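Chemist: Kindly return the folded structure for what I paste below:
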Amino acid sequence: MFELAKRLTEAGDDVTVLTAFPNYPTGEVREGYRHRFAMEEDMDGVRVLRRWVFATPNAGVFRRLVNHFSFVASSLTALRALGRTDVIFVQSPPLPIGLAAFVLSKLKRAPYIFNVSDIWPKSAVELGMLTNPLAVRLAEALERFIYRHAARITVPTTGIRDELAARGIARHKLFHLTNGVDVELFHPEPPDPTLGARIGIEGRKVFMYAGTHGLSQGLDVILEAARLTTNQEILYVLAGDGADKAALVHKVETDGIHNVRFLAPQPRSSMPELLNLAYAAVIPLKGLEVFKSALPSKMYESMAVGQPIVASMWGQAADLVRETGCGVVTEPGDAEALRDAVESLAADPAAARRMGANGRAFAVEHFNRSKIAARLGELLLETASGERRARARFKASPG
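Modeler: Residues are numbered from 1 along each chain as shown. Predicted structure coming up:
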């Protein structure tokens with residue numbers, strides 16, 4: 001979202017981001033933002049308004065709901081600070097943020113566009129995070145309410161678009177806005193041997209997962225594949241943080257898995273350099289029905305740096321890997337198949353280079369974030385203009 005906001009600003013739009021104090025994915029507000037209720041800052045030319053949130057790790061439905069609704073409430077205190085508003089673009093999940101968008105939309109007399117990155121509460125139910133039947137029904141009612149009042153609904157994949165259309169949402173209201181990557185920042189370059197030496201992975205064929213260590217990813221399959229791997233040249237590296245990281249680290253230590261290395265979260269500026277250290281990416285996703293329409297965002301960055309992907313997933317993401325020839329696919333949760341795919345790719349550098357080149361070419365053509373931001377800018381203008389035309393017709397109507 002920040003990358004899109006920055007590009008819209010650079011294109012001449014007046015963009016304000018209303019968000020919480022940074023606390024994801026650890027659930028702890030970061031140093032420099034603590035003990036505040038509100039603040040304003042400038043980030044690369046983008047105006048950012050921050051409001052208090054009840055920060056909590058991703059543990060327990062009740063605490064997560066308090067986290068979500070606390071920001072819904074605190075965000076409304078930014079009404080005056082927001083100033084003139086022509087159109088609102090809101091990111092989900094979390095689903096309750098749509099309530100804030102609805103209220104602000106009414107108060108500002110501005111339409112809102114709801115961006116569905118992941119279908120909630122369906123994902124929460126399938127992950128086992130939301131089990132109470134009454135809570136599920138209330139969440140589904142909230143979902144329908146937010147969809148009904150949104151001027152447009154943007155979706156990152158055709159699978160999500162088709163599912164929402166099947167639920168009765170008019171197709172003209174749905175807009176396919178794929179995720180993307182900065183193909184100028186993320187590009188192939190030779191590995192930096194000093195960086196590899198500094199983090200202790202030089203001289204190994206690194207299969208890297210870089211992203212959130214959470215419920216959706218099912219990272220246990222990487223650890224199990226590592227335990228089964230006999231090729232001493234192969235090293236599995238997991239970079240990032242999240243609710244499941246402590247448990248993953250504990251499993252590696254307890255089971256004595258010696259070919260796994262954990263890295264702390266890395267600043268965005270160093271991610272291209274880190275990814276270029278790897279021989280290939282390993283990207284798993286739990287084998288849930290809801291994830292058949294998902295495209296993990298980390299795929300785009302791996303493709304952009306020309307890194308082949310070993311995908312432990314199914315559905316649309318698996319189809320993309322197969323159709324572009326940018327990697328190999330195994331069934332989600334199948335550790336033996338993942339191990340076999342890793343060892344096979346490690347033994348075939350020519351195939352790895354070919355897959356990486358395929359991914360880079362496809363990312364440049366289809367996932368270029370600058371092109372995607374331009375499409376979003378057109379949608380925002382169209383939506384805002386449509387609302388202004390509707391108000392003008394209403395004022396001109398007799399009676």
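Chemist: how near is the closest residue to residue 272 other than its chain neighbours to residue 52?
Modeler: Excluding its sequence neighbours, the residue lying closest to residue 272 (CB to CB, 6 or more residues apart in numbering) is residue 186, at 5.0 Å. To be clear about C-beta, it is placed using only N, CA and C from the backbone, and glycine gets the same treatment. Residue 186 is 34 Å from residue 52, where distance means CB to CB, to the nearest Å.
Chemist: Please say which of those two ends up with more neighbours.
Modeler: Shown here are residue 186 and residue 52; by other CB atoms under 10 Å, residue 186 has more neighbours (23 against 20).
Chemist: What residues does that one make contact with?
Modeler: Residue 186 makes contact with 271, 272, 275, 301, 304, 305 under the criterion CB atoms under 8 Å, 6 or more residues apart in numbering.
Chemist: what about the second one, neighbour count?
Modeler: Right, the one you point to is residue 272. When counting by other CB under 10 Å, one arrives at 18 neighbours for residue 272.
Chemist: my guess is it is in a helix, correct?
Modeler: Yes - counting by DSSP: H, G, I helix; E, B strand; the rest coil, residue 272 falls inside a helix.
Chemist: Would you confirm that it contacts residue 307?
Modeler: No - using CB atoms under 8 Å, residue 272 is not in contact with residue 307; the gap is 10.4 Å.
Chemist: Just the element for the closest residue to residue 169 other than its chain neighbours, please.
Modeler: Nearest residue to residue 169, sequence neighbours excluded (CB to CB, 6+ apart): residue 147, at 6.0 Å. Here residue 147, judged by DSSP states H and E, is contained in helix 133-149.
Chemist: Ok, residue 154 next?
Modeler: Using DSSP H and E, the element containing residue 154 is strand 152-155.
Chemist: ok, that strand: who's next to it in the sheet?
Modeler: Strand 152-155 has the following strand partners under DSSP bridges: strand 112-116 (parallel), strand 174-176 (parallel).
Chemist: Quick one: the ones you listed as CSV, columns for mean pLDDT and distance to residue 223 too.
Modeler: CSV is the format used below for the strands paired with strand 152-155 (pLDDT from 0 to 100; distance: least, CB to CB, whole Å):
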stretch, mean pLDDT, distance to residue 223
strand 112-116, 96, 31
strand 174-176, 96, 35
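Chemist: Can you tell me which of the ones you listed is most buried?
Modeler: strand 112-116 (a mean of 24; mean count of other CB atoms under 10 Å).
Chemist: where exactly do the helices run in the stretch 251-399 of the chain?
Modeler: 271-275, 298-304, 316-324, 335-346, 349-366, 369-396 (DSSP state H, counting those that start in this stretch).
Chemist: Just the residues contacting the third one, thanks.
Modeler: Applying CB under 8 Å, 6+ apart, the set of residues contacting helix 316-324 from outside is 157-159, 283, 285, 291-296, 299, 303, 309, 311, 326-329, 358-359, 362.
Chemist: gap between the residue positioned nearest the centre of the chain and residue 253?
Modeler: Nearest to the mean C-alpha position of the chain, counting by CA atoms, centre = their mean, stands residue 297 at 5.1 Å. Remark: distance between residue 297 and residue 253 (CB to CB) = 29 Å.
Chemist: And the strand or helix carrying residue 72, what does it pack against?
Modeler: In the assignment (DSSP H and E), residue 72 maps to helix 61-75. On a contact count with 3 or more CB pairs under 8 Å, 6 or more residues apart in numbering; DSSP states H and E, helix 61-75 meets strand 16-20, strand 46-51, helix 97-108.
Chemist: want to try CSV for the strands paired with strand 152-155, with distance to residue 79 as columns?
Modeler: Below are the strands paired with strand 152-155 laid out as CSV (distance: least, CB to CB, whole Å):
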stretch, distance to residue 79
strand 112-116, 14
strand 174-176, 27
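Chemist: Out of those, flag the one nearest residue 338.
Modeler: strand 112-116 (29.3 Å; CB to CB).
Chemist: so how far is the closest one from its chain's centroid?
Modeler: Per CA atoms, centre = their mean, to the nearest Å, the displacement of strand 112-116 from the mean C-alpha position of its chain is 15 Å.
Chemist: Could you list the residues in contact with it?
Modeler: With CB under 8 Å, 6+ apart as the contact definition, strand 112-116 has outside contacts at 87-92, 98, 101-102, 104-105, 146-147, 149-156, 160, 164, 175, 177, 379-380, 383.
Chemist: returning to that earlier point: export the helices and strands packed on helix 61-75 to JSON lines and tack on mean neighbour count, distance to residue 196 and mean pLDDT?
Modeler: As requested, the helices and strands packed on helix 61-75 are exported to JSON lines (neighbours: other CB atoms under 10 Å; distance: least, CB to CB, whole Å; pLDDT from 0 to 100):
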{"stretch": "strand 16-20", "mean neighbour count": "19", "distance to residue 196": "35", "mean pLDDT": "96"}
{"stretch": "strand 46-51", "mean neighbour count": "19", "distance to residue 196": "34", "mean pLDDT": "96"}
{"stretch": "helix 97-108", "mean neighbour count": "19", "distance to residue 196": "40", "mean pLDDT": "96"}
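Chemist: measure residue 56 to residue 341 for me?
Modeler: Residue 56 is 37 Å from residue 341, by CB to CB.
Chemist: What confidence value was assigned to the residue nearest to residue 169?
Modeler: Residue 147 is assigned a pLDDT of 96 by the prediction.
Chemist: Just give me the neighbour total for it.
Modeler: Using other CB under 10 Å, residue 147 has 18 other residues around it.
Chemist: and it, what is it in contact with?
Modeler: With CB under 8 Å, 6+ apart, residue 147 has these contacts: 114, 153, 164, 169.
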